[in-house]
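K.L.:
predicted coordinates and the sequence they were generated for:
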Amino acid sequence: MNKIPSFTIDHERLLRGIYVSRKDQVGGETVTTFDIRMKEPNREPVLHNGAIHTIEHLAATYLRNDAEWKDRIIYWGPMGCLTGNYLLIRGDYESRDILDLMRRTFRFVADYEGEIPGAAPRDCGNWLLHDLPMARLEARRYVEEVLDHATDENLHYPE
C-alpha cells in the first residue's frame, strides 16, 4: 500500500508555519489544502484539546465571515496530531497568498472575548471542551513568533 503524501513530509525538520499540503481538482476547480502548523511536531507539547477546539470554532467563524475570503473557504479543522489545523480553500494558492488572512484570523482568536460561537449543547458535539484563555495564548504566540516573521522555511515543506 502506498503512503499518502502527507506521511512523507519530514516531521523531524518541520517548523511552525503555513504549508501547501496538496492541490486537488474538484469539478474543474483547484482546491488547495493548507497545513496550518502551530507546533513543531515531536519537539514541543501539542495543543491542549480545549484550546484547539476553541481555535476551531473561532477561526471557522472568522474565516466564513471574512469579506474577502468567505466565498472561497471550504473547511477549517484540527489535525488529529494536535499540532495544527487544515484549511481548504477553493482556488490555486500558495502559502504566502494566505499569510495576511492567517494573521488576521489568529489575531481575532488572540483578542476574542465573550461567548464562543457554537459552544452550546445543541450546536456542538463536545460543548464543554473549550479553553478560551489557552486558545488566546496559543493564537498570540503563533502570530507573534511565526506569522509576523515568516520566512520561506515557514512557508515551504522541508526537502
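P.N.:
Looks like it came in fine.

K.L.:
all strands for the protein, in order.
P.N.:
Here the chain has its strands, by DSSP state E, at 17-26, 29-37, 73-78, 84-90.

K.L.:
okay, the closest residue to residue 46 other than its chain neighbours: pLDDT?
P.N.:
Leaving aside its sequence neighbours, residue 46 sits nearest to residue 82 (C-beta to C-beta, 6 or more residues apart in numbering; 3.8 Å). In this view, the C-beta of every residue, glycine as well, is placed from N, C-alpha and C. In this model, residue 82 is scored at 97, pLDDT.

K.L.:
my guess is residue 82 meets residue 44, correct?
P.N.:
No - when contacts are counted by C-beta atoms under 8 Å, residue 82 is not listed as touching residue 44 (11.2 Å).

K.L.:
look at the two and report which has more neighbours.
P.N.:
residue 82 (17 against 10; other C-beta atoms under 10 Å).

K.L.:
so how far is residue 157 from the more buried one?
P.N.:
Distance, residue 82 to residue 157, using C-beta to C-beta, to the nearest Å: 19 Å.

K.L.:
over to residue 23?
P.N.:
13 Å.

K.L.:
try residue 48
P.N.:
Residue 48 is 26 Å from residue 157, by C-beta to C-beta.

K.L.:
do the same with residue 62
P.N.:
From residue 62 to residue 157 the distance is 26 Å (C-beta to C-beta).

K.L.:
what's the answer for residue 126, then?
P.N.:
The value you get for residue 126 to residue 157, if C-beta to C-beta is used, is 31 Å.

K.L.:
look at those two and report which has more neighbours.
P.N.:
The neighbour comparison of residue 126 against residue 157 (other C-beta under 10 Å) goes to residue 157, with 20 against 11.

K.L.:
that one contacts residue 9, correct?
P.N.:
Yes - look at residue 157 against residue 9 with C-beta under 8 Å: they come within range, at 5.4 Å.

K.L.:
helices of this protein, start to end?
P.N.:
Applying DSSP state H to the chain gives helices spanning 49-63, 99-111, 132-145.
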